[in-house]
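>>> Got a sequence here, can you build the structure:
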Amino acid sequence: MVCRTRPSGLDLMARLAGPAREARRGGRSRRPFDASSASDVSVYRGTHA
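This next block holds a predicted model:
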């Protein structure tokens, strides 16, 4: 399944499922994520049940 969503949508889905966002960068180059970023890489830390 492929789902296109904004980073804020991913944050909401993760928050509802349990993991917390650890980091977000503006692509694989590890640039800071900002309004001019064409892509993003988000890292979520899961919780253990």
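>>> What strand or helix carries the most centrally placed residue in the chain?
Geometric centre of the chain, nearest residue: Ser42, 3.2 Å, by CA atoms, centre = their mean. Per DSSP states H and E, Ser42 falls inside strand 41-45.
>>> on that earlier part again, find the nearest non-adjacent residue to the residue nearest to the centre of the chain, please.
The shortest distance from Ser42 to any non-neighbouring residue, by CB to CB, 6 or more residues apart in numbering, is to Arg24 (4.8 Å). In this view, the C-beta of every residue, glycine as well, is placed from N, C-alpha and C.
>>> picking that back up, for the residue nearest to the centre of the chain, list the residues it contacts.
Neighbour list for Ser42: Pro7, Leu10, Asp11, Arg21, Ala23, Arg24 [criterion: CB atoms under 8 Å, 6 or more residues apart in numbering].
>>> and if you look at Thr5?
With CB under 8 Å, 6+ apart, Thr5 has these contacts: Met13.
>>> Phi first, then psi, for it.
For Thr5, the backbone dihedrals (degrees, to the nearest 10) come out as phi -150, psi 160.
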